[in-house]
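S.K.: What follows is a predicted structure for the sequence shown.
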Amino acid sequence: MADAVIVSTARTPIGKAFRGIFNDTHGADMGAHVIKHAAERAKLDLGEVEDVLMGCAAPEGTTGSNVARVAAIRAGAPVSVSGATVNRFCSSGLQTISMAAQRVLVDKVPVMIAGGLESVSLVQGPPGGNKNRLVNPWVQEHVPGIYHSM
């Protein structure tokens, strides 16, 4: 049986909610930053990735619209790379790592990216009703079809 191994890690620095350095940074941009740098550290071409799984406790507003896939595209992955956002509240990121390992072990998927992201500063308002900065401007300009409904 194949082993599932973590070959690279990355994270954004910690900032203060609502007033720190990331208080106006789109959630997909933060996710893209860590995806890109984790892939570079592993000398991985993002085109080799089967799926990007990202956990998010509040997948709405700036972290909505399947932020995992939007972040992957923003990181430079081709549109052939799929993505899924998982909500398990405080264990969302850990859940995606477990799911990625399972895909490697059971489905024989060679390369997965998994992790978690939040944008506390930009996810505001009532749960489920937050549309604040839903669309990432760079992704909208370069891959406009990503926001079209199925």
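M.R.: Received, thanks.

S.K.: any chance you could map the helices in this structure?
M.R.: Assigned helices in the chain, in chain order: 27-41, 67-75, 92-107, 137-142 (criterion: DSSP state H).

S.K.: other SSEs contacting the second one?
M.R.: Counting contacts by 3 or more Cβ pairs under 8 Å, 6 or more residues apart in numbering; DSSP states H and E, helix 67-75 packs against helix 27-41, strand 51-55, strand 82-86, helix 137-142. In this view, the C-beta of every residue, glycine as well, is placed from N, C-alpha and C.

S.K.: Name the residue closest to the centre of the chain, please.
M.R.: A68 (3.2 Å; Cα atoms, centre = their mean).

S.K.: how many neighbours does N130 have?
M.R.: Counted with other Cβ atoms under 10 Å, residues neighbouring N130 total 19.

S.K.: Next, the contact list for Y147, please.
M.R.: By Cβ atoms under 8 Å, 6 or more residues apart in numbering, the contact set of Y147 is 65, 135, 139-140.

S.K.: gap between A2 and G15?
M.R.: Using Cβ to Cβ, to the nearest Å, we find A2 at a distance of 38 Å from G15.

S.K.: Comparing the two, which shows the higher neighbour count?
M.R.: Neighbours per residue (other Cβ under 10 Å) separate A2 from G15, with G15 holding more: 15 against 10.

S.K.: distance of that one from E40?
M.R.: Counting by Cβ to Cβ, the gap from G15 to E40 is 22 Å.
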